[in-house]
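In: Starting from these lines, generate the structure:
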Amino acid sequence: MKVKVISRSTDEFTRERSNDLQRVFRNFDPSLRTQEKAVEYVRAVNAAKLEKIFARPFIGAMDGHIDAVSCMAKNPNHLKGIFSGSMDGDIRLWDIASRRTVCQFPGHQGAVRGLTASTDGRILVSCGTDCTVRLWNVPLASVLDSDNSSDNSAKSLAVYVWKNAFWAVDHQWDGDLFATAGAQVDIWNHNRSQPVNSFEWGKDTVVSVRFNPGEPNVLATSASDRSIAIYDLRMSSPARKLIMRTKTNSIAWNPMEPMNFTAANEDCNCYSFDARKLDEAKCVHKDHVSSVMDIDYSPTGREFVTGSYDRTIRIFQYNGGHSREIYHTKRMQRVFCVKFSCDGSYVISGSDDTNLRLWKAKASEQLGVLLPRERKKHEYLEAVKNRYKHLPEVKRIVRHRHLPKPIYKASALRRIMTEAERKKEERRRAHSAPGSIPREPLRKRRIIKEVE
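Out: Reported below is the predicted structural model:
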């Protein structure tokens with residue numbers, strides 16, 4: 001009797017050196033695994049369900065302010081630190097890891113409207129409605145890490161008093177200048193008590209200012225006359241101006257594509273523009289049901305976070321028309337400021353109820369150290385889910401979000417209103433002379449004109 005045995009030479013499988021890759025023999029013949037697609041589809045559905053089960057985005061609240069949180073700033077030199085300013089003039093430096101106040105900066109007599117840190121992270125600039133700009137020394141990282149907080153208040157380095165209240169401040173990404181927004185746009189140097197330059201275009205209040213991350217001398221501002229203006233410090237006058245139908249509350253430049261910026265608008269939408277072509281928005285990001293108050297890009301430039309007056313935070317893809325995530329809690333009131341952490345894995349929000357809240361950027365992400373096996377498992381499930389995301393069952397589970405009742409009703413009402421508006425326009429077009437009412441895309445509809 002013949003007995004057949006499977007014989008394998010150990011030389012084919014043994015590694016010569018310990019860092020060599022293990023040789024694995026696979027037969028990719030599709031006829032061997034006829035159920036592969038079906039098995040993967042089931043895994044994709046299960047992965048989508050598991051993601052929903054493990055979605056716990058809220059990490060914790062940081063309380064300490066006694067009035068609404070009006071502005072925040074990241075420390076570019078320290079990953080764990082974030083500054084916050086409130087309507088009663090209180091400025092705090094928080095340690096995100098332990099969620100406690102590390103240092104306070106007392107001095108402002110009115111609401112703090114703007115905060116920004118210098119390029120090296122050593123100086124904090126604040127401004128407010130008390131018509132002052134204050135410069136502060138930021139404590140060293142070693143102070144942040146120590147638990148001793150006996151004397152945690154800092155003295156201001158300099159106080160610059162000016163003629164009008166300030167609404168926003170931003171520092172150059174690379175340089176010594178910072179810009180304040182108020183009755184006009186003022187450019188300041190750290191060592192000068194007077195602005196080194198001033199820009200004015202119209203008589204309305206400028207409500208936000210942001211420097212370009214790629215070109216240190218370019219900045220964008222938005223004003224209460226519904227305009228968005230782009231300034232170049234090398235020129236004596238403003239460069240370009242765009243007038244929209246509603247006011248823009250905040251602006252954020254894309255750090256990876258510095259020619260693009262996104263504007264958070266009063267009409268519940270965000271508009272992404274190319275600074276070289278302002279007559280049309282690149283993308284309209286819809287989903288909020290009340291005015292968008294603040295916006296901030298992730299360091300990767302692939303997504304941004306918005307905070308709105310409707311008491312929710314949403315995360316959008318940089319080119320996505322609808323949000324991929326919505327965060328809300330029962331206690332969180334109107335959100336005035338939002339920030340991505342410097343590593344892009346957390347979102348910090350400041351709201352009317354005096355609290356800062358810490359959220360995960362990916363709701364179901366596992367915190368802590370991952371084993372290589374776990375990481376590979378997560379990556380595989382993500383890839384499978386991505387492969388079958390267009391199929392109805394997976395798509396339905398991935399897209400579903402539970403909304404608070406007021407927001408659900410308001411978004412339904414907005415849908416009815418936009419549909420009614422569309423029908424009215426179609427009927428008007430049908431009963432007019434052909435070509436007399438041109439079709440205008442949404443990306444152009446909210447723009448009135450561009451001024452050079």
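In: Surely residue 198 and residue 184 touch.
Out: Yes. The criterion here is CB atoms under 8 Å, and residue 198 meets it with residue 184 at 5.4 Å. Where C-beta positions appear, they are placed from N, C-alpha and C, glycine not excepted.
In: out of those two, which sits in the busier spot?
Out: residue 184 (19 against 12; other CB atoms under 10 Å).
In: any chance you could map the helices in the stretch 301-450 of the chain?
Out: In the stretch 301-450 of the chain, the helices defined using DSSP state H, counting those that start in this stretch lie at 372-387, 392-399, 405-430, 442-445.
In: Ok, the stretch 1-150 of the chain next?
Out: Under DSSP H, counting those that start in this stretch, the stretch 1-150 of the chain gives helices at 10-13, 36-53, 141-145.
In: okay if I get the ones you listed as CSV plus mean pLDDT, mean neighbour count and distance to residue 158?
Out: Shown next, in CSV, are these (pLDDT from 0 to 100; neighbours: other CB atoms under 10 Å; distance: least, CB to CB, whole Å):
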stretch, mean pLDDT, mean neighbour count, distance to residue 158
helix 10-13, 75, 8, 70
helix 36-53, 94, 15, 50
helix 141-145, 65, 14, 21
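In: out of those, nearest to residue 305?
Out: Proximity to residue 305 (CB to CB) singles out helix 36-53 among those, at 19.3 Å.
In: Who are the packing partners of that closest one?
Out: helix 372-387, helix 392-399 (3 or more CB pairs under 8 Å, 6 or more residues apart in numbering; DSSP states H and E).
In: Give me the mean pLDDT for the first one.
Out: In other words, helix 372-387. Average pLDDT, helix 372-387: 94.
In: Redo the helices and strands packed on helix 36-53 as a markdown table? Include distance to residue 81.
Out: Output for these, formatted as a markdown table (distance: least, CB to CB, whole Å):
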| stretch | distance to residue 81 |
| --- | --- |
| helix 372-387 | 28 |
| helix 392-399 | 34 |
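In: can you redo the ones you listed as JSON lines with distance to residue 270 and mean neighbour count?
Out: Below are these laid out as JSON lines (distance: least, CB to CB, whole Å; neighbours: other CB atoms under 10 Å):
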{"stretch": "helix 372-387", "distance to residue 270": "25", "mean neighbour count": "13"}
{"stretch": "helix 392-399", "distance to residue 270": "20", "mean neighbour count": "14"}
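In: mind checking which of those is nearest residue 237?
Out: That would be helix 392-399 among the helices and strands packed on helix 36-53, by CB to CB, at 47.4 Å.
In: Determine the angle, from 0 to 180 degrees, between that closest one and helix 36-53.
Out: Counting by axes from the mean of the first three to the mean of the last three CA atoms, to 10 degrees, helix 392-399 lies at 20 degrees to helix 36-53.
In: Find the least confident helix or strand in this protein, judged by mean pLDDT.
Out: In the chain, no helix or strand scores lower on mean pLDDT, DSSP states H and E than helix 141-145, which sits at a mean of 65.
In: can you tell me the average pLDDT over the very next helix or strand once past that one?
Out: Remark: after helix 141-145, the chain's next helix or strand is strand 156-161, criterion DSSP states H and E. In this model, strand 156-161 has a mean pLDDT of 90.
In: in its sheet, what does strand 156-161 sit against?
Out: The strands that strand 156-161 pairs with in its sheet are strand 132-137 (antiparallel) (by DSSP bridges).
In: quick one: buried residues of the partner strand?
Out: Using 16 or more other CB atoms under 10 Å as the test for burial, strand 132-137 gives 132-136.
In: just the helices in the stretch 151-300 of the chain please.
Out: Counting by DSSP H, counting those that start in this stretch, one finds no helices in the stretch 151-300 of the chain.
In: For stretch 217-235, list every residue counted as buried.
Out: Buried, per 16+ other CB under 10 Å, within stretch 217-235: 217-223, 226-233.
In: Give me the residues contacting stretch 238-245.
Out: 199, 201, 225-232, 263, 265, 267, 271, 273, 278, 446-452 (CB atoms under 8 Å, 6 or more residues apart in numbering).
In: what about 10 Å?
Out: 185, 199-202, 218-223, 225-232, 248, 263, 265-267, 271, 273, 275-276, 278-279, 281, 445-452 (CB atoms under 10 Å, 6 or more residues apart in numbering).
In: do the same with stretch 35-46
Out: With contacts defined as CB under 10 Å, 6+ apart, stretch 35-46 is touched by 30, 33, 380-381, 383-389, 391, 393-394, 396-398.
In: Can you check what pLDDT the model gives the spatially closest residue to residue 219 that is not a sequence neighbour?
Out: Excluding the flanking residues, the one nearest residue 219 by CB to CB, 6 or more residues apart in numbering is residue 211, at 4.8 Å. Residue 211 carries a pLDDT score of 96 in this model.
In: Residue 211 and residue 181 touch, don't they?
Out: No. Using CB atoms under 10 Å, residue 211 makes no contact with residue 181, being 11.7 Å away.
In: Show me the common contact partners of these two, please.
Out: 170, 219.
In: Any idea which of the helices of the stretch 301-450 of the chain gets closest to residue 357?
Out: Ranking these by their distance to residue 357 (criterion: CB to CB) puts helix 405-430 first, at 17.3 Å.
In: Show the contacting residues for residue 260.
Out: Contacts of residue 260 (CB under 10 Å, 6+ apart): 252-254, 272-276, 282-283, 297, 301, 318-319.
In: Tell me the bridge partners for it.
Out: residue 274.
In: With distance to residue 366 as added columns, please give the helices of the stretch 301-450 of the chain in TSV.
Out: Below are the helices of the stretch 301-450 of the chain laid out as TSV (distance: least, CB to CB, whole Å):
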stretch	distance to residue 366
helix 372-387	7
helix 392-399	18
helix 405-430	28
helix 442-445	38
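In: quick one, which of these is nearest to residue 108?
Out: Using CB to CB as the measure, helix 405-430 is the one of the helices of the stretch 301-450 of the chain that comes nearest residue 108, at 33.9 Å.
In: Which elements pack onto that closest one?
Out: In terms of contacts (3 or more CB pairs under 10 Å, 6 or more residues apart in numbering; DSSP states H and E), helix 405-430 is not packed against any helix or strand.
In: Now do the buried residues in that helix.
Out: Quick answer for helix 405-430 (16+ other CB under 10 Å): 407, 410-411.
In: Check stretch 300-313 too.
Out: Quick answer for stretch 300-313 (16+ other CB under 10 Å): 301, 303-313.
In: sorry, back to before: mind giving me JSON lines with the buried residues of strand 132-137 and columns for distance to residue 291 and pLDDT?
Out: Converted to JSON lines, those look like this (distance: CB to CB, whole Å; pLDDT from 0 to 100):
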{"residue": "132", "distance to residue 291": "28", "pLDDT": "93"}
{"residue": "133", "distance to residue 291": "27", "pLDDT": "94"}
{"residue": "134", "distance to residue 291": "29", "pLDDT": "94"}
{"residue": "135", "distance to residue 291": "32", "pLDDT": "94"}
{"residue": "136", "distance to residue 291": "31", "pLDDT": "93"}
